[in-house]
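# Could you look at this predicted model? Sequence included:
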Amino acid sequence: MASGGTVISSGGGLADRYAAALYAHAADLRALDPVVAEMETLGRLIATSADFRRLLESPLIDIQTARRAALTVLVSEGFGKPVRDLVGVVASNRRLRALPAIVAAFATLVAEKRGIVTAQVASAHPLNDLQRQQLHARLIEAGYGTVNISESVQPDLLGGLVVRVGARLYDTSLKSRLQRLQFAMKGAA
């Protein structure tokens with residue numbers, strides 16, 4: 001709860017609903033591929049433009065001013081009507097702060113609809129090309145079909161990998177192995 005009793009939520013449910021509505025609208029218009037490309041571009045715009053992020057995050061900017069400013073940016077960047085309409089509705093509903101989550105939810109929905117699985121991979125050190133190819137091949141062997149790998153580096157893992165695919169977690173990190181050994185030794189004592 002924020003001050004004044006307002007509940008601030010940019011949780012998955014809200015973002016998922018906006019993403020599903022945009023997906024259905026784009027499919028109805030038979031403009032899914034252009035909308036997918038524009039949403040990817042919008043995600044990059046949010047990630048790279050500090051000014052645009054400030055516009056989305058600022059509670060001090062009047063709703064109508066924020067809406068006009070966001071739509072002006074989208075028009076100048078060449079965004080089509082479906083994405084502009086989405087941002088307009090999001091702004092009118094006082095949800096601009098949730099736009100990054102909506103973009104991410106839309107990307108997840110598109111991947112799901114297209115049968116693409118995303119594997120979240122954490123490693124102690126960046127993966128090289130050979131390791132990435134081997135991991136990709138193993139995931140396909142495990143029956144995951146088309147797989148995108150999203151990598152992150154977590155030095156505290158010490159070694160090995162932590163792979164999350166949907167609800168499944170594969171943890172081969174040295175950190176977790178040491179923890180299991182420590183618990184086993186405590187149990188034997």
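Yes, it's here.
# Now do the helices in this structure.
Per DSSP state H, the chain carries helices over the ranges 12-28, 32-48, 50-57, 63-76, 81-92, 99-113, 129-139, 174-188.
# Mean neighbour count added to these, as CSV?
Bear in mind the C-beta positions are built from the backbone N, C-alpha and C, glycine included. Shown next, in CSV, are the helices of the chain (neighbours: other CB atoms under 10 Å):
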stretch, mean neighbour count
helix 12-28, 16
helix 32-48, 16
helix 50-57, 14
helix 63-76, 15
helix 81-92, 18
helix 99-113, 19
helix 129-139, 13
helix 174-188, 11
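# Next, format the ones you listed as TSV and append mean pLDDT.
As requested, those are arranged in TSV below (pLDDT from 0 to 100):
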stretch	mean pLDDT
helix 12-28	92
helix 32-48	94
helix 50-57	94
helix 63-76	95
helix 81-92	96
helix 99-113	90
helix 129-139	91
helix 174-188	85
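# With respect to residue 122, which of those lies nearest?
helix 174-188 (10.3 Å; CB to CB).
# Work out the gap between the closest one and the centre of the chain.
Offset of helix 174-188 from its chain centre (CA atoms, centre = their mean, to the nearest Å): 33 Å.
# Then stretch 60-72?
On the basis of CA atoms, centre = their mean, stretch 60-72 sits 24 Å off its chain's mean C-alpha point.
# Just the C-alpha atoms of it, please, in PDB.
The C-alpha coordinates for stretch 60-72 follow below in PDB (Å, rounded to 0.1, in the frame of the first residue of the first chain):
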ATOM      1  CA  LEU A  60       4.100  13.600 -10.400                       C
ATOM      2  CA  ILE A  61       3.200  14.000 -14.000                       C
ATOM      3  CA  ASP A  62      -0.500  14.600 -14.700                       C
ATOM      4  CA  ILE A  63      -2.200  11.600 -16.400                       C
ATOM      5  CA  GLN A  64      -3.200  13.500 -19.500                       C
ATOM      6  CA  THR A  65       0.200  15.000 -19.900                       C
ATOM      7  CA  ALA A  66       1.900  11.600 -19.400                       C
ATOM      8  CA  ARG A  67      -0.500  10.000 -21.900                       C
ATOM      9  CA  ARG A  68       0.200  12.800 -24.500                       C
ATOM     10  CA  ALA A  69       3.900  12.600 -24.000                       C
ATOM     11  CA  ALA A  70       4.000   8.800 -24.300                       C
ATOM     12  CA  LEU A  71       1.900   8.800 -27.400                       C
ATOM     13  CA  THR A  72       4.000  11.600 -29.000                       C
END
